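Generate coordinates for the sequence data below:
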Amino acid sequence: MTRRFGYRALALGAAALIVWGAAQATAGLIEHPVGGRSLVIKDPGAGFPGTESKRSATSLLQTGPGGPAIVGNPINAGATLSIVTDGGAQCFDLPRRGWTLTSKGFRYEGAREPGNPAVSAQVTRSPSGQLQIRTVLKARFGTMAEMLTAVQGDVEFRILDGDAYCGHFAGAAENTTKLFKAVNAPAPGFCGPSACAVCGDSVVQIGEGCDSGGVDSATCNGVSCTTAVCGDKYVNAAAGEQCDSGGVDTPTCVGGTCKTSTCGDGYVNAAAHEVCDPPGSPYGLGVPFDDGICDACQSPSGAFIDGTTF
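This next block holds a predicted model:
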C-alpha cells in the first residue's frame, strides 16, 4: 500500500508540471529555443584507429524561472537527441521503455538498450518553472559519429509525442581535435538544423529535401519529404503527375513526362506497342486516327491497337 500511494503522489506532483502528450496531439510540434548551460564532446583517441569507443558527449539545456512546460510523455512515445556540429551530426534514440516518471519530470536509463550510446537523460521542471534537460552519451555502449573539430554546436531534445527544445552553442571555451566545450549559451532566436528529421512536421531538417507537412505539393512528396521529380516512382498529383514508372516507358505510362500513355499524345511509346504517334490528332488528344501514314499508332500494314480496325 505504501509503494502504491507513493507512486500516485509522485504522479500527481509531476502532472502539475507536465502537459501530457494527449493534449498535444492536435497542436503539433512546437520548437522551444532555450539556453544552453553546457555542451562537452570528447574524442580522446582522435586520429588513432580503434579508439572510437572512447568518445562521449554531455549536454545541459536550461532556462530561468518561467520556462516552457514539458509537453509530451516519453514513457508513451520515447524521445530523440540531436547533436549537430561543424564536424558531424548524429541522431540518438531514447526509446520509451527506458523512461520513468520522477517528481519533477522524467528520467531515462539507457542500460536497458544494448548498442545505444544514450546512457542517461533527465527532463525536469521546478515549481518556479526552471526547465533542465541533461543528457549523457558514451560510445562504449554504442556507435558515436565523429563530431570534432567544431566551433559551434546545436542540441535538440524532442519528445516524440510532444515538443522539442533546442540550444545553440558557439564561441567554445575549449576547441581542439579531442575536445569541444561550450558553456552558458543564451537562448537562440530559432532552432537550428536537427539530425533527427521527422517527415511531416513542416520543418526541413538534415536528410530531408523538403517538408510540406505530410501533404503533397507541386515540389514536395509529402509522405517521404523528398523533392517531387518525375521518375521517382511516386505519383504526385499535386505536381501534375498522372503516373510515375521510374523514368521508364510502360504500356500505360510515359516515363519521361509521367503522363498516361495515349495514342495521339505525340510520343511514340514502344512499350505500348506504338510504332508511330502523330502529334495533334484532329479528333482530339488520345483519339486514334488514320492520316494515311499512321493508323491508331500503328503503320497501315500493321495491326491496330486500342481495338480499332481499318
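
Skipping its backbone neighbours, what lies nearest residue 183 in space?
residue 38 (4.9 Å; CB to CB, 6 or more residues apart in numbering). Just so you know, the C-beta spots here come from the backbone N, C-alpha and C atoms, and that holds for glycine as well.

can you pull the contacts of the one you found?
58, 59, 60, 181, 182, 183, 184 (CB atoms under 8 Å, 6 or more residues apart in numbering).

The third one: what secondary structure?
Same thing as residue 60. Of the three states, residue 60 takes strand under DSSP: H, G, I helix; E, B strand; the rest coil.

gap between it and residue 119?
Between residue 60 and residue 119 the distance is 14 Å, computed by CB to CB, to the nearest Å.

which residues of the stretch 201-310 of the chain score low on pLDDT?
279-293, 299-310 (pLDDT under 70).

quick one, strands of it?
Using DSSP state E, counting those that start in this stretch, the strands found in the stretch 201-310 of the chain span residues 220-221, 226-227, 253-254, 259-260.

What pairs with the second one, parallel or antiparallel?
To tie it back to what came earlier, the one meant is strand 226-227. strand 220-221 (antiparallel) (DSSP bridges).

Name the residues that touch the strand it pairs with?
Applying CB under 8 Å, 6+ apart, the set of residues contacting strand 220-221 is 209, 210, 211, 212, 226, 227, 228, 232, 234, 236.

now with 7 Å?
Residues from elsewhere that reach strand 220-221 (CB atoms under 7 Å, 6 or more residues apart in numbering): 210, 212, 227, 228, 234, 236.

Walking through the stretch 101-250 of the chain, point out its helices one by one.
According to DSSP state H, counting those that start in this stretch, the stretch 101-250 of the chain carries no segments that qualify as helices.

Could you measure from the residue nearest the centre of the chain over to residue 269?
Closest to where the C-alpha atoms of the chain average out (CA atoms, centre = their mean) is residue 197, at 2.0 Å. Separation of residue 197 from residue 269 (CB to CB): 38 Å.

coming back round to it: which one of the strands of the stretch 201-310 of the chain lies closest to residue 240?
strand 259-260 (8.5 Å; CB to CB).

Show residues contacting the closest one.
242, 243, 252, 253.

Please check these and keep the buried ones.
Neighbour counting over the contacts of strand 259-260 (16 or more other CB atoms under 10 Å) leaves 243, 253 as the buried ones.

Return the member of the contacts of strand 259-260 nearest to residue 218.
residue 242 (14.5 Å).

Leaving out sequence neighbours, find the closest residue to that closest one.
residue 260 (4.6 Å).

how deep is that neighbour tucked in, by neighbour count?
13 (other CB atoms under 10 Å).

sorry, back to before: is it true that the residue nearest to the centre of the chain touches residue 205?
Yes. Assessed by CB atoms under 7 Å, residue 197 is found in contact with residue 205 at 3.7 Å.

pLDDT, distance to residue 155 and neighbour count for the contacts of residue 38 - can I get that in CSV?
Converted to CSV, the contacts of residue 38 look like this (pLDDT from 0 to 100; distance: CB to CB, whole Å; neighbours: other CB atoms under 10 Å):
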residue, pLDDT, distance to residue 155, neighbour count
58, 96, 10, 17
59, 96, 5, 25
60, 97, 9, 19
181, 91, 13, 16
182, 91, 10, 25
183, 91, 13, 15
184, 92, 14, 12
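
Domain boundaries for the chain, per the record?
When the chain is parsed with automatic domain parsing, its domains come out as 2-185, 262-310.

Specify the beta-bridge partners of residue 253.
So, taking DSSP bridges as the rule, residue 253 has residue 260 as bridge partners.

who are the neighbours in contact with it?
243, 245, 260, 261.

Relative to residue 69, how far out is the closest residue in space to residue 212 that isn't next to it in sequence?
Nearest non-adjacent residue to residue 212, counting by CB to CB, 6+ apart: residue 220, 4.0 Å away. Counting by CB to CB, the separation of residue 220 from residue 69 is 32 Å.

Could you verify my assumption that residue 99 touches residue 110?
No. Between residue 99 and residue 110 there is no contact under CB under 7 Å: 10.3 Å.

circling back: could you report the separation of the residue nearest to residue 242 from residue 52?
52 Å.

And the strands of the stretch 201-310 of the chain: which comes nearest residue 274?
Going by CB to CB, the one of the strands of the stretch 201-310 of the chain nearest residue 274 is strand 253-254, 10.5 Å.

ok so, going back, neighbour-wise, which of residue 220 and residue 69 wins?
Using other CB under 10 Å, the more surrounded residue of residue 220 and residue 69 is residue 220, with 23 against 14.

Tell me the spacing between the more buried one and residue 130.
From residue 220 to residue 130 the distance is 39 Å (CB to CB).
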